[in-house]
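Q: no letters, just coordinates:
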């Protein structure tokens with residue numbers, strides 16, 4: 001069974017940094033991609049960063065240049081380095097892992113961690 005466990009959240013002042021980690025219970029290369037989402041108004045989730053199996057990274061416009069997603073294959077862990085944090089970055093951050101089961105009909109498995117709170121405040 002796939003489990004994702006996030007850590008590293010907390011309270012930080014504006015301009016500060018935090019590093020989130022997501023430890024997977026299986027080989028992270030069994031996923032097509034791993035991502036970090038954060039909670040948005042209306043309890044939806046928006047993707048802030050993603051890394052594909054091939055290592056391609058993508059970022060939301062709001063965090064580009066400030067956040068960096070990376071992975072440690074030996075530890076089956078994905079990290080999100082967050083620098084120059086702003087109050088609007090305050091949210092619950094979730095780790096996501098996706099497996100594409102069929103390219104024909106788009107069937108996929110999505111796995112989620114429990115979330116970790118990030119609060120940016122003075």
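A: Yes, it's here. Bear in mind that the values here come from a model prediction, so they are computed numbers and not experimental data.
Q: need the contact partners of stretch 5-17.
A: 18-23, 25, 81-87, 93-95, 113-122 (Cβ atoms under 8 Å, 6 or more residues apart in numbering). To be clear about C-beta, it is placed using only N, CA and C from the backbone, and glycine gets the same treatment.
Q: first-to-last residue distance for that stretch?
A: 20 Å (Cα to Cα, to the nearest Å).
Q: now that stretch: buried residues?
A: 6, 8-9, 12 (16 or more other Cβ atoms under 10 Å).
Q: residue ranges of the strands in this protein, please?
A: 4-7, 10-12, 18-24, 33-39, 45-52, 57-59, 67-72, 77-82, 91-100, 108-112, 116-120 (DSSP state E).
Q: residue at max distance from the center of the protein?
A: Of all residues in the chain, residue 104 has its C-alpha farthest from the mean position, at 26.8 Å, by Cα atoms, centre = their mean.
Q: next one: phi and psi at that one?
A: phi -80, psi -50 (degrees, to the nearest 10).
Q: now it: how far from residue 52?
A: As judged by Cβ to Cβ, to the nearest Å, residue 104 and residue 52 stand 20 Å apart.
Q: again, but for residue 19
A: 21 Å.
Q: same thing with residue 106?
A: 16 Å.
Q: quick one, which of these two is more surrounded?
A: residue 52 (14 against 8; other Cβ atoms under 10 Å).
Q: hmm, residue 31 and the more buried one touching each other?
A: No. Residue 52 is beyond contact range of residue 31, at 9.2 Å (criterion: Cβ atoms under 8 Å).
Q: among the contacts of stretch 5-17, which ones are buried?
A: 18, 20-23, 82, 85, 93-95, 113, 115-116, 118, 120.
Q: hmm, who's touching stretch 55-62?
A: 46-51, 67-69, 88.
Q: need the buried ones from those selected in ChimeraX.
A: To isolate the buried members of the contacts of stretch 55-62 in ChimeraX, using 16+ other Cβ under 10 Å:
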select :48,49,50,51,67,69
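Q: having no further points to raise, I will conclude here.
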